[in-house]
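Engineer: make a model of this:
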Amino acid sequence: MKSQTSNKGAAAAGSSMDVALRVLGVRDHSCFEMEQKLLSRGFDEAEVQETLGRLQGYGYLDDERFAVLLARSNRGLGRRGLARKMAQKGVTSQISEALVEQIDEDEELARALAAARKHSPISKISSLDRETWQRRLSSFLARRGFSTGVVLTVCRQIEDELAHGAEVSLE
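Structural biologist: Below is the predicted model:
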């Protein structure tokens, strides 16, 4: 049972619906994130579940929409990285897998190239030996959830561009 002080604190901040609407005014949230925020502010489980149901009914809380927005705002992540980020935010694996499957190999390669070029512009890597910049770039891309095949393709492409004196563009 919650203490009276935590219930008073929650009541002073307004109803759980008021708090949820203020939180959603800042950015979209997954159902899991919203549940955690409301519970951490002292609202009881029954009130939180009722609020979540109402928010979903109004269309204010939608995990599928949240996942799409998350994917768009995290273009520097590969399939695995995006799936990991969605799991951290409480998006169900069913929604996450469906969205990640929509990213084809060409799009993942384009994401990886953009991330690599932003992280390691030609001026940074041209002063390093091949082994060093490939190790650093490979580690960077792997931490962002890109597959080994994509990482190797990006390293090869950047190496070709370096060999031919081409400028590595940010586009």
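
Engineer: which SS state does L137 fall under?
Structural biologist: Recorded secondary structure, L137: helix (DSSP: H, G, I helix; E, B strand; the rest coil).

Engineer: could you list the low-pLDDT ranges of the chain?
Structural biologist: 1-13, 122-123, 165-171 (pLDDT under 70).

Engineer: middle-most residue in it, spatially?
Structural biologist: Centroid-nearest residue in the chain: K85, 4.4 Å away (criterion: C-alpha atoms, centre = their mean).

Engineer: that one contacts A67, doesn't it?
Structural biologist: No. Here K85 does not reach A67: they are 9.7 Å apart, not a contact under C-beta atoms under 8 Å. C-betas here are computed from N, CA, C, even on glycine.

Engineer: for whatever helix or strand the residue nearest to the centre of the chain lives in, name the packing helices and strands.
Structural biologist: Assigned by DSSP states H and E, K85 belongs to helix 79-88. Here helix 79-88 touches helix 63-73, helix 93-101, going by 3 or more C-beta pairs under 8 Å, 6 or more residues apart in numbering; DSSP states H and E.

Engineer: ends of stretch 39-46, what's the gap?
Structural biologist: 10 Å (C-alpha to C-alpha, to the nearest Å).

Engineer: ok, for C155, nearest residue in space, not its chain neighbours?
Structural biologist: Q134 (5.1 Å; C-beta to C-beta, 6 or more residues apart in numbering).

Engineer: so the one you found sits right up against Q157, yeah?
Structural biologist: No. Q134 is beyond contact range of Q157, at 11.9 Å (criterion: C-beta under 8 Å).

Engineer: the two - which one has more neighbours?
Structural biologist: Comparing Q134 with Q157 by other C-beta atoms under 10 Å, the one with more neighbours is Q134, at 19 against 15.

Engineer: list phi and psi for that one.
Structural biologist: Backbone torsions of Q134, given as degrees, to the nearest 10, read phi -70, psi -40.

Engineer: any idea how far G81 is from it?
Structural biologist: Distance, Q134 to G81, using C-beta to C-beta, to the nearest Å: 20 Å.
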